[in-house]
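Engineer: Sequence first, then the predicted structure:
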Protein chains: 2
Amino acid sequence: MRYQLYYWPSIQGRGEYVRLALEDAGIAYDDVARGPGGVSAMTRMMEQGDTPPFAPPFLKAGKLVIGQTANILLYLGARHGLAPKAEAGRLWVHQLQLTIADLLLEIHDTHHPLGPSLYYEDQKAPAKKRSEEFWKERVPKYLGYFESLVSDSGGTFATGRRATYVDLSLFQIIEGLRYAFPKRMQTFEREIPKLVALHDRVAARPNIKAYLESDRRIPFNEDGIFRRYKALDL
Amino acid sequence: MRYQLYYWPSIQGRGEYVRLALEDAGIAYDDVARGPGGVSAMTRMMEQGDTPPFAPPFLKAGKLVIGQTANILLYLGARHGLAPKAEAGRLWVHQLQLTIADLLLEIHDTHHPLGPSLYYEDQKAPAKKRSEEFWKERVPKYLGYFESLVSDSGGTFATGRRATYVDLSLFQIIEGLRYAFPKRMQTFEREIPKLVALHDRVAARPNIKAYLESDRRIPFNEDGIFRRYKALDL
């Protein structure tokens, strides 16, 4: 079955976690909103059907329309070799993805502490404070947690010897933090050697490597979740 | 099987969505951290085992330890009649719960826009701005979405004629917004008659009614997600 992914065409955003899974598993898909008339098609999908998504990304899988990034990965994971098939393993991997989703919202808050509907330019001072707090308290807590998991997993990935969609997402978190906060991240990486090694291992997977070199990978930019604002990196 | 729920003993917080499901379905459980030595037991659980949770709540179900609120509800839902058994329905209900989880993080941000590690007292001005934005842009978007779902569901609940854990969570959202923002919510409720009716229907369910009247229901307070700060309600 060929899937249709619906997500904003000019940013990586939350859609990127789904793209990485689709690409790594070599799954056929259309990135609908990046084609002609695609954004209108996406908007229409959000206003009709029995299961209208609150927001992109969502995935059309035959008759199913599945929204929420972690939910899409839950659906794809066990079907395409990116998560264990047994319930206990599936729940564990999904739990980690939900923790990554929480982290992502906190990353977005670093440049939008006063809310997602206002411009960054209108909240620069609180963004600076939130970024300070984020790097002082939250990054060590979240990435320290994942570093321990890799250490204790009995393998080189977050949950063991086999890569799951969580590892692909952790790759993207490292990549994104490097983009958005190059100075802070350079210093912090000393604390998370296992995660950095995991990042490199994911980047070297043939399908991921090919994807990252293709024009299917949208470059980071200041409309996405990871934004490079010098004032927040000092 | 008797379950063990682990969550902070003095707040409703994220744990409340799990408590409501356990109570409504009449499932036997221990609220471990509310018993003697319970918080230490909870902390120990986070530092050991094969699937250490990042944060409470988490549920012990036999040998399984399951973290992340929505993941716990995913596990409990189909087993205890609070979600459809078929995959499409399970994914749809879970998707809605994840959207509620996003909303909850935004509710927390109304009093903690500069980050969860700082005191409210140190971020009063940005909290006021974030609350304004939240009520202007986000509440209408989120609750308008759920109002439409109930309207279009073909029943009186979010996904049809049968209640799911999502309806219990929507009850809690309405209840919480009424507690935290009594004035704003009183005005806004005119926009969401179906959700208000759903709230009342959930509150009248025998097991929920008994729970709400019991001392197992922790009162709202200013350490939880929903906090009543007058300055944010004007």
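Structural biologist: Ah, there it is. Numbering: from 1, shown residues only, chains lettered A, B, ... in the order given.
Engineer: can you give me the helices for chain A?
Structural biologist: A:15-24, A:38-45, A:69-79, A:87-111, A:124-133, A:139-152, A:165-180, A:182-188, A:193-203, A:206-213, A:230-233 (DSSP state H).
Engineer: tell me what the fourth one is packed against?
Structural biologist: In terms of contacts (3 or more C-beta pairs under 8 Å, 6 or more residues apart in numbering or on different chains; DSSP states H and E), helix A:87-111 is packed against helix A:69-79, helix A:124-133, helix A:139-152, helix A:165-180, strand B:64-67, helix B:69-79, helix B:87-111. For every residue, glycine as well, the C-beta is placed using N, CA and C.
Engineer: Touching the shortest one from outside, list them.
Structural biologist: Yep, that's strand B:64-67 we're talking about. Strand B:64-67 is contacted by residues A:88, A:91, A:95, A:99, B:45, B:49, B:51-55, B:57-60, B:72, B:75 when judged by C-beta atoms under 8 Å, 6 or more residues apart in numbering or on different chains.
Engineer: one more time with 7 Å
Structural biologist: Identification of contacts with strand B:64-67 by C-beta atoms under 7 Å, 6 or more residues apart in numbering or on different chains yields A:Ala88, A:Leu91, A:Gln95, B:Met45, B:Gly49, B:Thr51, B:Pro53, B:Phe54, B:Phe58, B:Leu59, B:Ile72, B:Tyr75.
Engineer: Could you check it and say which residues are buried?
Structural biologist: Neighbour counts over strand B:64-67 (16 or more other C-beta atoms under 10 Å in any protein chain shown) mark B:Val65, B:Ile66, B:Gly67 as buried.
Engineer: for the longest one, same thing?
Structural biologist: By neighbour count on 16+ other C-beta under 10 Å, the buried set for helix B:87-111 is B:88-111.
Engineer: thinking A:Pro9 is in contact with A:Ala33, fair?
Structural biologist: Yes - under the criterion of C-beta atoms under 7 Å, A:Pro9 makes contact with A:Ala33 at 4.5 Å.
Engineer: If you count surrounding residues, which of these two has more?
Structural biologist: A:Ala33 (23 against 15; other C-beta atoms under 10 Å in any protein chain shown).
Engineer: Check the more buried one and give its pLDDT.
Structural biologist: You'll see A:Ala33 listed with a pLDDT of 98.
Engineer: Off-centre distance for stretch A:32-48?
Structural biologist: On the basis of C-alpha atoms, centre = their mean, to the nearest Å, stretch A:32-48 sits 21 Å off its chain's mean C-alpha point.
Engineer: Outside of it itself, which residues are in contact with it?
Structural biologist: Residues outside stretch A:32-48 that contact it (C-beta under 7 Å, 6+ apart) are A:Gln4, A:Leu5, A:Tyr6, A:Tyr7, A:Trp8, A:Pro9, A:Pro52, A:Pro53, A:Pro56, A:Val65.
Engineer: Would you mind listing what in chain A touches chain B?
Structural biologist: A:51, A:54, A:64, A:66-68, A:70-71, A:75, A:88, A:91-92, A:94-95, A:98-99, A:105, A:109, A:113-115, A:117-118, A:126, A:129-130, A:133-134, A:137, A:145 (C-beta under 7 Å from any C-beta of the partner chain).
Engineer: which residues are in contact with stretch A:129-142?
Structural biologist: A:Leu103, A:Glu106, A:Asp109, A:Thr110, A:Pro113, A:Arg184, A:Phe188, A:Leu232, B:Leu114, B:Gly115, B:Ser117, B:Leu118.
Engineer: Pull out the buried positions in that stretch.
Structural biologist: Across stretch A:129-142, burial judged by 16+ other C-beta under 10 Å covers A:Lys129, A:Arg130, A:Ser131, A:Glu132, A:Glu133, A:Phe134, A:Trp135, A:Arg138, A:Val139, A:Tyr142.
Engineer: Can you tell me which of those residues is nearest chain B?
Structural biologist: Nearest to chain B among the buried residues of stretch A:129-142 is A:Glu133, at 3.6 Å by C-beta to the nearest C-beta.
Engineer: And the pLDDT for that closest one?
Structural biologist: So, for A:Glu133, pLDDT stands at 97.
Engineer: Quick one: residues contacting A:Gly62.
Structural biologist: Listed by C-beta under 7 Å, 6+ apart, the contact set of A:Gly62 reads A:Met1.
Engineer: From chain B, how far off is it?
Structural biologist: Distance, A:Gly62 to chain B, using C-beta to the nearest C-beta, to the nearest Å: 10 Å.
Engineer: residues near the closest residue to A:Glu189 other than its chain neighbours, how many?
Structural biologist: Distance criterion C-beta to C-beta, 6 or more residues apart in numbering or on different chains; nearest residue to A:Glu189, sequence neighbours excluded, is A:Val196 at 5.5 Å. When neighbours are counted by other C-beta under 10 Å, A:Val196 registers 15.
Engineer: Surely A:Val196 is in contact with A:Gln186?
Structural biologist: No - counting by C-beta under 7 Å, A:Gln186 is not a contact partner of A:Val196; they are 11.1 Å apart.
Engineer: Quickly list the domain ranges of chain A.
Structural biologist: Domains of chain A are assigned by automatic domain parsing as A:3-79, A:87-216.
Engineer: With distance to B:Asp152 added, can I get those domains in a markdown table?
Structural biologist: A markdown table is the format used below for the domains of chain A (distance: least, C-beta to C-beta, whole Å):
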| stretch | distance to B:Asp152 |
| --- | --- |
| domain A:3-79 | 8 |
| domain A:87-216 | 26 |
